[in-house]
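**Student:** Just to be clear, the model below is a prediction. Sequence and coordinates:
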Amino acid sequence: MMRKKYLNIMLSKFKEGDFLWFPRTTINFARILLSAYTGKMLIGPINVIVAPSWKCNSLCKMCDFRSRGCEDELSTEEFKDIVDQVSRLNCSVFSFFGGEPLLRKDIFELIGYVKSKRILVQVSTNGFLLANKGNAAQLVNAGVDIVTVSLDTMDRETYKKIRGVDRLDDVVQGIKNLVELRDSKNKQLQINANLVILNENIDSIQETIKNIRELGVDVITPYPVHELKTKKNIQGADFNLKLQKLYLNMLNNKEGYYDLSTEFLNHVLGLLQGKTPKIKCFAPYTDLHIDPFGNVYPCIYFMGLEKRAANVRDKSIREIWFSREYQRVRIKLANCTCGIMCHMEPAFVFNKFWFKK
């Protein structure tokens, strides 16, 4: 079963009249598989994920990104050069995250520049600034395809414990503004909610999902917190037992309004039960992550640990992507068991066609 997030993208492309999107995506899928089988990249990065700044107006207990500083960030022109480079490599999706990407003063200019290359744009945000309807309108009018808002709970006190600030009302209003603007302007905008599961909110996840759905979002994705460089984010044995129970419930409840595949749920359950399911990671074959200083990472997990592979200020993206050094990184990460949802979900699709042991 195709995840709702991807199905929505396909439908929006059809509505825009881009009937070649599906054939192009199918061809890219085949090239990625062939690249993995042959050990030689036959395609550029499909998904480019960029953090334009580590600045943030939140104090999330599980995140250390804002502590990484904001000195010597890539300039507007340097970011546009990155967009030019990945466009020439036929990038399909360009995602902004952070930090809080909307704090960057040139963010709407950067979004517009990516859209001018006919690349799908996704923006991840805490939603605070979208409580201002003018900001929300600017984001919608910029032509963003997907906005993903972080929302882990609908309880004010729990929100403060997790996010470190009393801004739940702003997040809710921001989502409402996006939904209203999308509908009134008849935009093909997908509005998602990401829900990080921790000790503080695991007992109320099902209720939270129901309440978030009532705000009018399209996709809700609940996933467990993961490790960063200075944040191990270990939740303990009781949490693991509760997570097993939650995911088992999700497996048996197909109308839960969450966007997690059966494969992902079973995979995490296996990890929680001490198993090490063998699955080849395709993130280094599809994704390119770039931080505010131009450091390049093969996946979000390595970005979290600050294990960089290169820097765009030293070499072109083409040189980095097709280099022997980067190919060694792909081989090294082949059997990674990090379990991070955003990489595992695509991997399950690719592994249906992966027969090499």
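**Tutor:** In hand now; what should we look at? What you see is a predicted model, and the numbers here were worked out from it, not measured in a lab. Residues are numbered from 1 along each chain as shown.

**Student:** Give the next helix or strand downstream of the helix-or-strand element of the chain with minimal mean pLDDT.
**Tutor:** For the chain, using mean pLDDT, DSSP states H and E, the weakest element among its helices and strands is helix 4-15, scoring a mean of 68. Elements were assigned by DSSP states H and E; along the chain past helix 4-15, the next helix or strand is helix 21-38.

**Student:** Enumerate residues external to that next one that contact any of its residues.
**Tutor:** 10, 13-14, 41-43, 46, 90, 92, 280, 282, 285-286, 330, 350, 353-354, 356 (C-beta atoms under 8 Å, 6 or more residues apart in numbering). From N, CA and C alone the C-beta is placed, and that goes for glycine too.

**Student:** What average pLDDT does it get?
**Tutor:** What helix 21-38 shows for mean pLDDT is 92.

**Student:** What strands line up against the helix or strand following it, and which way round?
**Tutor:** Once the chain leaves helix 21-38, the next helix or strand it forms, by DSSP H and E, is strand 47-50. As defined by DSSP bridges, the strand partners of strand 47-50 come to strand 93-96 (parallel), strand 287-290 (parallel).

**Student:** Just the buried subset of the contacts of helix 21-38, written out for PyMOL, thanks.
**Tutor:** Filtering those down to the buried ones (16 or more other C-beta atoms under 10 Å) takes a single PyMOL command:
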select buried, resi 13+41+42+43+46+92+280+282+285+286+330+350
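
**Student:** still on that earlier bit, just name the most buried of the strands paired with strand 47-50.
**Tutor:** Sort the strands paired with strand 47-50 by mean neighbour count, taking mean count of other C-beta atoms under 10 Å, and strand 287-290 sits at the top with a mean of 24.

**Student:** which parts of the helix or strand following that one are buried?
**Tutor:** Later in the chain than strand 287-290, the nearest helix or strand by DSSP H and E is strand 295-297. Residues 295, 296, 297 are the ones in strand 295-297 that count as buried (16+ other C-beta under 10 Å).

**Student:** Show me which of those is closest to residue 184.
**Tutor:** Taking C-beta to C-beta as the measure, residue 184 sits nearest to residue 297 out of the buried residues of strand 295-297, at 38.7 Å.

**Student:** That closest one: what's it in contact with?
**Tutor:** 289, 290, 291, 303, 307, 308, 309.

**Student:** Could you list the residues in contact with the lengthiest strand in the chain?
**Tutor:** When the chain is scanned for its longest strand (criterion: DSSP state E), the result is strand 190-197. Strand 190-197 has contacts (C-beta under 8 Å, 6+ apart) with 5, 8-9, 12, 62, 124, 145-152, 162, 175, 178-179, 182, 201, 205, 208-209, 212, 215-225, 243, 246, 259.

**Student:** pretty sure residue 288 contacts residue 45?
**Tutor:** Yes. Under the criterion of C-beta atoms under 8 Å, residue 288 makes contact with residue 45 at 3.9 Å.

**Student:** Wait, a helix at residue 123?
**Tutor:** No. Applying DSSP: H, G, I helix; E, B strand; the rest coil, one finds residue 123 to be strand, outside a helix.

**Student:** If you count neighbours, what's buried in stretch 293-303?
**Tutor:** 293, 294, 295, 296, 297, 298, 299, 300, 301, 302, 303.

**Student:** Quick check: end-to-end length of it?
**Tutor:** End-to-end distance for stretch 293-303: 12 Å, by C-alpha to C-alpha, to the nearest Å.

**Student:** ok now that stretch, how far from the chain's centre?
**Tutor:** 13 Å (C-alpha atoms, centre = their mean, to the nearest Å).

**Student:** Also stretch 177-188?
**Tutor:** Using C-alpha atoms, centre = their mean, the offset of stretch 177-188 from its chain centre is 22 Å.

**Student:** Would you mind pulling the contact partners of it?
**Tutor:** 12, 15-16, 130-131, 133, 136-137, 139-141, 145, 147, 149, 189, 191, 215-217.

**Student:** now do 7 Å
**Tutor:** 12, 15-16, 130, 133, 136-137, 140, 147, 189, 191, 215-216 (C-beta atoms under 7 Å, 6 or more residues apart in numbering).

**Student:** Give me the sheet partners of the longest strand of the chain and which way each runs.
**Tutor:** strand 146-150 (parallel), strand 219-224 (parallel).

**Student:** JSON lines please, covering those and showing mean pLDDT, mean neighbour count and distance to residue 103.
**Tutor:** Output for the strands paired with strand 190-197, formatted as JSON lines (pLDDT from 0 to 100; neighbours: other C-beta atoms under 10 Å; distance: least, C-beta to C-beta, whole Å):
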{"stretch": "strand 146-150", "mean pLDDT": "97", "mean neighbour count": "23", "distance to residue 103": "14"}
{"stretch": "strand 219-224", "mean pLDDT": "92", "mean neighbour count": "22", "distance to residue 103": "23"}
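
**Student:** Would you convert the ones you listed into a markdown table that also reports distance to residue 239?
**Tutor:** Converted to a markdown table, those look like this (distance: least, C-beta to C-beta, whole Å):
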| stretch | distance to residue 239 |
| --- | --- |
| strand 146-150 | 19 |
| strand 219-224 | 8 |
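
**Student:** List just the one of those strands that sits closest to residue 266.
**Tutor:** Across the strands paired with strand 190-197, closest to residue 266 is strand 219-224 (C-beta to C-beta), at 14.3 Å.

**Student:** need the next SSE after that closest one, C-terminal direction.
**Tutor:** helix 237-252.

**Student:** Buried residues of the following helix or strand past that following helix, list them for me.
**Tutor:** Using DSSP H and E, the next helix or strand after helix 237-252 towards the C-terminus is helix 262-272. For helix 262-272, a neighbour-count test (16+ other C-beta under 10 Å) marks 263, 264, 265, 267, 268, 269, 271, 272 as buried.
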